[in-house]
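Peer 1: Provide a 3D model corresponding to the input given below.
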Amino acid sequence: MQTPLPNHYAALGLHRRCTAEHIRNAYRLLAKQHHPDLNGGSADSLARTQALNAAHEVLGDPDQRNAYDQELNAAEVHTQPIRPARIEKNLAQDVLLRLDDFLRGTRLDVRVQDPANPDGAETYSLEVSPGTVPGARFRIAREGYFRGGVVTVRVKPRPDPRFKVRGSDLRCDLRITSDRAAKGGSENIRGLNGSLRVTITAGVGRGEEIRIPGEGLPKTRGGRGDLLVRITYRPEVRITRTSGPSGPR
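Peer 2: So this is what the prediction gives:
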């Protein structure tokens with residue numbers, strides 16, 4: 001195992017850009033201060049004096065100092081941790097919102113727990129404005145250690161038990177009786193903004209869709225998509241027993 005180089009500059013309390021005069025003055029002051037005769041011959045003062053003498057011998061000679069500096073540079077390059085040429089600062093994350101959040105807006109806390117950040121977790125506040133389109137992306141500027149990077153948050157609809165999302169349109173089922181399907185009329189359903197009345201034509205077919213304009217989610221170019229209501233019902237099936245064959249005479 002290679003013996004590490006002694007730090008002669010640290011022994012004299014100097015930096016590597018010090019002059020020859022700095023070296024001489026520091027050595028004279030410290031050698032006198034730590035001389036064993038002035039410190040009861042302690043082992044610590046003896047060790048400090050030996051380190052000071054070695055430092056002055058090397059750094060006080062220009063040729064030895066130059067060779068020592070080259071050794072230091074080589075040791076620093078060898079022990080310096082390898083860093084990537086480019087640290088990735090950008091992040092992307094999807095978040096699921098309730099359907100009514102796209103209409104009314106909401107506030108989110110975005111917390112970034114990046115192990116590479118020496119400052120710890122990052123927390124940002126994100127305001128999702130009313131009328132936000134599904135799939136919209138928000139860019140949050142990162143701060144601190146990763147300043148210059150961004151967190152891109154894409155908002156997507158959370159699965160809903162009542163509606164299926166297709167772009168900005170919503171789809172739902174309306175189950176009616178076969179009598180309503182035959183005679184027509186109207187039914188109430190619950191939309192995103194409250195109750196809606198659906199007009200049903202007489203003889204409507206199963207699986208037929210009724211479009212209610214402007215009751216879907218926000219659209220990219222303004223306005224809202226549509227709500228498509230699929231009609232379902234069970235046709236009435238009657239089974240009657242017919243008379244059987246005549247018995248033996």
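Peer 1: Just name whatever secondary elements the least confident helix or strand in the chain by mean pLDDT is in contact with.
Peer 2: One helix or strand of the chain scores below all others by mean pLDDT, DSSP states H and E: helix 62-79, with a mean of 84. Applying 3 or more CB pairs under 8 Å, 6 or more residues apart in numbering; DSSP states H and E, one finds that helix 62-79 contacts helix 43-59. C-beta: built from backbone N, CA, C; applies to glycine.
Peer 1: Give the pairing partners of the helix or strand harbouring residue 231; include direction for each.
Peer 2: Taking DSSP states H and E as the definition, one finds residue 231 inside strand 227-232. In the sheet, strand 227-232 lines up against strand 169-175 (parallel), strand 209-212 (antiparallel) (DSSP bridges).
Peer 1: one step back: tell me the angle the least confident helix or strand of the chain makes with helix 43-59.
Peer 2: Counting by axes from the mean of the first three to the mean of the last three CA atoms, to 10 degrees, helix 62-79 lies at 110 degrees to helix 43-59.
Peer 1: Can you dump the C-alpha atoms of helix 62-79 in PDB for me?
Peer 2: C-alpha atoms of helix 62-79 as PDB (Å, rounded to 0.1, in the frame of the first residue of the first chain):
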ATOM      1  CA  PRO A  62      12.900  25.500  -5.200                       C
ATOM      2  CA  ASP A  63      13.800  22.300  -7.000                       C
ATOM      3  CA  GLN A  64      12.500  20.000  -4.200                       C
ATOM      4  CA  ARG A  65       9.400  22.200  -3.900                       C
ATOM      5  CA  ASN A  66       8.700  21.900  -7.600                       C
ATOM      6  CA  ALA A  67       9.100  18.100  -7.500                       C
ATOM      7  CA  TYR A  68       6.900  17.900  -4.400                       C
ATOM      8  CA  ASP A  69       4.200  20.000  -6.100                       C
ATOM      9  CA  GLN A  70       4.200  17.600  -9.100                       C
ATOM     10  CA  GLU A  71       3.700  14.700  -6.700                       C
ATOM     11  CA  LEU A  72       0.800  16.500  -5.000                       C
ATOM     12  CA  ASN A  73      -0.800  17.100  -8.400                       C
ATOM     13  CA  ALA A  74      -0.500  13.500  -9.400                       C
ATOM     14  CA  ALA A  75      -1.900  12.300  -6.100                       C
ATOM     15  CA  GLU A  76      -4.900  14.700  -6.300                       C
ATOM     16  CA  VAL A  77      -5.700  13.500  -9.800                       C
ATOM     17  CA  HIS A  78      -5.500   9.900  -8.700                       C
ATOM     18  CA  THR A  79      -7.700  10.300  -5.700                       C
END
